[in-house]
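J.: got a sequence here, can you build the structure:
(2 chains)
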Amino acid sequence: MRNSGAVLILSFIAKLISQAAGVSAPGKPRLTSCRSPEKETFTCWWEPGDDGGLPTTYALYYHLENSETIYECPDYRTAGDNSCFFNKNDTSLWVNYNITVVATNALGKNISDPVEVDVAYIVQPNTPENVTAVVVDEDQGPFVRVSWEKPRTADTRSGWITLQYQLRVKQKKDKEWEEYDAGMQKYYNVFSLHPDKEFMVQVRCKPDHGFWSEWTQTTYVKMPDYIPRERSLWIMITIFSVFIVLILTWTLNVKRNSVKLCLLPPVPGPKIKGFDKQLLKSGKSEEVFNSLVIQGFPPTIDYDDLLVEYLEVYDNEEQELVLDSKDLSEDCMKSKSPSDCDSGRGSCDSRTLLLEKCMVGREGSRSDQHQYSQHGETSWASTESSECQGLEPGSPEFSDGRVKTWPVVFSSPQPHHHYQVEAVKPVYHSVPEILNHSSPHAMPANYQNLQHQDIPQQEGRFGKPACRHSQSYTHGLDTPAPGVSPSRSLEYVEVQRINPENMLLLRPLSDQNREPEGSDYAGEDYSKVKELTSNNILLLQRDTSYQCADGYSQAGQCTTQQPPHPCKPVIYQSHSGMPQEGMRVMGNGYVDTTVLMPSY
Amino acid sequence: MNRVKVLQAWLWCVSLWSCWLSHAVPLDCKDETGSLIQCTSISQEKLLDRVIQHAELIYRVSEESCTLFEDMFVPYPLYALRNQGGTMCHTKPFPIPGSKTEIQQISDKWLLHSVLMLVQSWMEPLVYLQTTLNRYDDAPDALLNKTKWVSDKLLSLEQGVVVLIRKMLDEGILTPSIFEHSLTPDDEPSPEIPESVLRDYNLLICFKKDAHKMETFLKLLKCRQSNKLSCLSY
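T.: Numbers count the residues shown, from 1 in each chain, chains lettered A, B, ... in the order given. The predicted model follows:
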């Protein structure tokens, strides 16, 4: 009793002393892993805990699953420090080992947690050996053949252990390895490696149930410099290019003319219009020079471009008749000749109305023209007077809605040219002088009926004069209208005003300032189209702001909005300011007559 | 006369014997329709290869079944579970060699017999395992299929080993010994995991081990067949 008490006291004192000195029992060790390289032996490693400041010894104890006999580790040295090696005799497969480690020092001991181990499931083989990588050259291209041997300790020959291998390849600079599974064979061919580069190769193995071994040491292999010859690709490229060449050649052959033209453009030879080389050769100079004379020079007809902007219309008291009798206009339309789409129309078209007097009138005016073929004369074609019927509002005959044009009076030596029926562009003729009818009453009702239509007359075809009103201003010269000073120069005129008696008051274009009788020049060349009636009559809008003296047919509110007689020329009176109820207001804006033109 | 008679008798005997030989069918071979046909013979090597393939497959499938079961029903890490001692496999009435040295000392005959006994010892537990697994609520179909497949393949393996024994050892068919499987519950069932789960898991693990044993034995046997000397001397 006393002894035990003394022992207790002593141990207590010893503990206190040891604690004061900083020493204690060892910490708990821990078994880290157990591994078997060939399924015949195995090794276990542990991690020592805190040794408590005193020299500590470690011991490993184990027992098998179906026995209670505890054995101690047979070999502490072979595998190094803190390890226990079980040799073949001590290794039993398919049985669980219960292993513990005990740490002991002067002050006490500590036991680790037990670990159950079945040797068959902790196999981790050694690394494969003798890894070689050689470059094999073939027609397909060189590749690398990697071969190795099994780890020395593994007994694969007897089938005791079955290993499968894996290798990985990369270039030095690459980050990622490329892995290949080689199965159970001991070689592998690596294809598609980049030429002229150095590669690193590593191999490892694993039993069919167990852990992967470590990677072997790196083996280096250098690929030779070669050009990857992929034959099939080159063949395809060749065929494709040959095909393309063939197609190009064929195309060139087909288009050889245009190619020739493109590459070697023909040098234009000198060409003078009317110049006949044959004549020159024949030596008759007179004929040559005669042929040089251009009949149409100076050009008297082609004023299309210049006259484009002017719209010559005339007002008609019988507008309402025109509007009402739409059927008539349709009839008129029918009688139009279809061949009215000649080429010259284009240049005349834009915003122009070509007025064409009727054929008869024209012819009739020829004679007049001859009389007044002087410069400065204005001759209105009294064309219709002879054959045109009288003022008949209901005249159904509307040849084809052609615009009747004033005959052009020029000082051209051959004034009759522009009356050629074959003239393609009867266009506007420049009237050298305003035909004075600013005094409407002065003249008889011999107005030339002009109807403006939307189709410029392209052909010299003058149909039957639909409008039978023929008015001639044959006396225009003799009795110049007051307010209109005849000018002797060749110039364009513009319609200034239309007086109620259906007289067109013209004034020369050049004199913009002239404002006969207070007419207000709008200053605009274009007219707004108010309405298109029955396809061939353009009702133009007249701006209300202006006095309705504008020559241009602004059939706005100013005009007496009587629908023009279909066969009558559309003449808008210049005085009335009442908008007609029947008139429909078109959209704002000017109209391009070409748009409204029905195509013939 | 006597000679003629003897000759006749001899001829008769020969013909009869040849007939008897041709009709002697050691095994009942049936084709797909079920009619008896002449068995196609197979060489011993090929047979052994096929048997080894069977054993390998069985082992792999048993390993997969174990993993499936663990994932599904065993929340603990294996490490801890093994510590609980739930890996007590049923003992065999015969000693099974546990190390390579021991196995190398065993003769071919014992190797084959060991394999046969192992196979036969697992027939019944696998059937039992199938029924228990079916009782689980959410047993994955893969697991059930695998156990069913394994028990079927085990039958084929048994047949193959029987034939091997007959061919290699010229022995008759051993009568299958009936093994008593005392599927006793564990001593200390864990409160977290139900007892049945532990038991089934134990079964699966033990079967895995035994499958591996079978495979190893058969492979060693094959090595011995090919070159006896190199196999024995490591």
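J.: top helix in the chain by residue count?
T.: Answering for chain A, as no chain was given. Longest helix in chain A by number of residues (criterion: DSSP state H): helix A:231-254.
J.: oops, wrong one, chain B.
T.: Secondary structure of chain B per DSSP H: the longest helix is helix B:195-226.
J.: does anything pack onto it? Which helices or strands?
T.: Counting contacts by 3 or more C-beta pairs under 8 Å, 6 or more residues apart in numbering or on different chains; DSSP states H and E, helix B:195-226 packs against helix B:44-73, helix B:100-105, helix B:108-121, helix B:123-135, helix B:228-232. Placement of C-beta: from N, CA and C, glycine included.
J.: mind redoing it with 6 Å?
T.: Secondary-structure packing of helix B:195-226 (3 or more C-beta pairs under 6 Å, 6 or more residues apart in numbering or on different chains; DSSP states H and E): helix B:44-73, helix B:108-121, helix B:123-135.
J.: of those, give the one that comes closest to residue B:224.
T.: Nearest to residue B:224 among the helices and strands packed on helix B:195-226 is helix B:108-121 (6.2 Å), distances taken as C-beta to C-beta.
J.: ok and that closest one relative to helix B:44-73, angle-wise?
T.: 40 degrees (axes from the mean of the first three to the mean of the last three C-alpha atoms, to 10 degrees).
J.: right, and the helix or strand after the longest helix of chain A?
T.: Past helix A:231-254, further along toward the C-terminus, the next helix or strand under DSSP states H and E is helix A:256-263.
J.: which residue would be the closest one in chain B to chain A?
T.: residue B:219 (3.1 Å; C-beta to the nearest C-beta).
J.: for the residue nearest to that residue when sequence neighbours are not counted, give me its contacts.
T.: Spatial nearest neighbour of residue B:219, chain neighbours left out: residue A:159 (3.1 Å); criterion: C-beta to C-beta, 6 or more residues apart in numbering or on different chains. The contact partners of residue A:159, by C-beta atoms under 6 Å, 6 or more residues apart in numbering or on different chains, come to B:219-220, B:223.
J.: what of residue A:38?
T.: By C-beta under 6 Å, 6+ apart, the contact set of residue A:38 is A:153-154.
J.: now swap in the one 10 residues further on and tell me
T.: Residue A:48 makes contact with residue A:29, according to C-beta under 6 Å, 6+ apart.
J.: please pull out the lowest mean pLDDT helix or strand from chain B.
T.: helix B:78-83 (a mean of 48; mean pLDDT, DSSP states H and E).
J.: give me the pLDDT for residue A:152.
T.: As predicted, residue A:152 sits at a pLDDT of 89.
J.: what does residue B:134 give?
T.: For residue B:134, the pLDDT comes out at 85.
J.: give me the neighbour count for the nearest residue to it once chain neighbours are set aside.
T.: Computed as C-beta to C-beta, 6+ apart, the closest residue to residue B:134 that is not its neighbour in sequence is residue B:144, at 6.7 Å. By other C-beta atoms under 10 Å in any protein chain shown, the residues close to residue B:144 number 16.
J.: now do the same for residue B:144: its pLDDT.
T.: Residue B:144 carries a pLDDT value of 89.
J.: re the thing from before, model confidence over the longest helix of chain A, on average?
T.: 92.
J.: not counting sequence-adjacent ones, nearest residue to the residue most central in space within chain B?
T.: Closest residue to the average C-alpha location of chain B: residue B:119 at 3.3 Å, with C-alpha atoms, centre = their mean. Leaving out its chain neighbours, the residue that sits closest to residue B:119 by C-beta to C-beta, 6+ apart is residue B:158, at 4.8 Å.
J.: per-residue confidence for the one you found?
T.: If you check residue B:158, the pLDDT there is 91.
J.: am I right that it is in a helix?
T.: Yes: under DSSP: H, G, I helix; E, B strand; the rest coil, residue B:158 falls within a helix.
J.: how many neighbours does it have?
T.: By the criterion of other C-beta under 10 Å, residue B:158 has 19 neighbours.
J.: just residue A:30 next, same as before
T.: Residue A:30 sits with 15 neighbouring residues when counted by other C-beta under 10 Å.
J.: give me the below-cutoff pLDDT ranges for chain B.
T.: B:17-39, B:76-88, B:172-193, B:228-234 (pLDDT under 70).
J.: what about residue A:157, which SS state?
T.: coil.
J.: picking that back up, can you report phi and psi for the residue nearest to residue B:134?
T.: Main-chain torsions, residue B:144, degrees, to the nearest 10: phi -60, psi -40.
J.: give me the neighbour count for the closest residue to residue B:149 other than its chain neighbours.
T.: The shortest distance from residue B:149 to any non-neighbouring residue, by C-beta to C-beta, 6+ apart, is to residue B:61 (6.3 Å). Applying other C-beta under 10 Å, we find 18 residues neighbouring residue B:61.
J.: ok, now how distant is residue B:61 from residue B:151?
T.: When distances are taken as C-beta to C-beta, to the nearest Å, residue B:61 and residue B:151 turn out to be 11 Å apart.
J.: now do the contacts for the residue in the stretch 201-350 of chain A that chain B sits nearest to.
T.: Nearest residue of the stretch 201-350 of chain A to chain B, counting by C-beta to the nearest C-beta: residue A:209, 6.7 Å away. If a contact means C-beta under 6 Å, 6+ apart, then residue A:209 has no contacts.
J.: swap the cut-off to 8 Å and go again
T.: A:120-121, A:123, B:59, B:63, B:212 (C-beta atoms under 8 Å, 6 or more residues apart in numbering or on different chains).
J.: give me the three-state assignment for it.
T.: Taking three-state DSSP as the rule, one finds residue A:209 in the coil state.
J.: which phi and psi values does the closest residue to residue A:123 other than its chain neighbours adopt?
T.: Spatial nearest neighbour of residue A:123, excluding adjacent residues (C-beta to C-beta, 6+ apart): residue A:210 at 3.6 Å. Backbone torsions of residue A:210, given as degrees, to the nearest 10, read phi 160, psi -160.
J.: so what's the residue count around the residue nearest to residue B:133 when sequence neighbours are not counted?
T.: Leaving aside its chain neighbours, residue B:133 sits nearest to residue B:139 (5.2 Å; criterion: C-beta to C-beta, 6+ apart). Residues lying near residue B:139 (other C-beta under 10 Å) number 18.
J.: what does residue A:220 give?
T.: Using other C-beta under 10 Å, residue A:220 has 10 neighbouring residues.
J.: so who does it touch?
T.: Going by C-beta under 8 Å, 6+ apart, the list of residues near residue A:220 reads A:133, A:198-201.
J.: could you list the low-confidence segments of chain A?
T.: Chain A contains residues with pLDDT under 70 at A:18, A:228-229, A:274-280, A:283-285, A:287-288, A:291-312, A:314, A:316-600.
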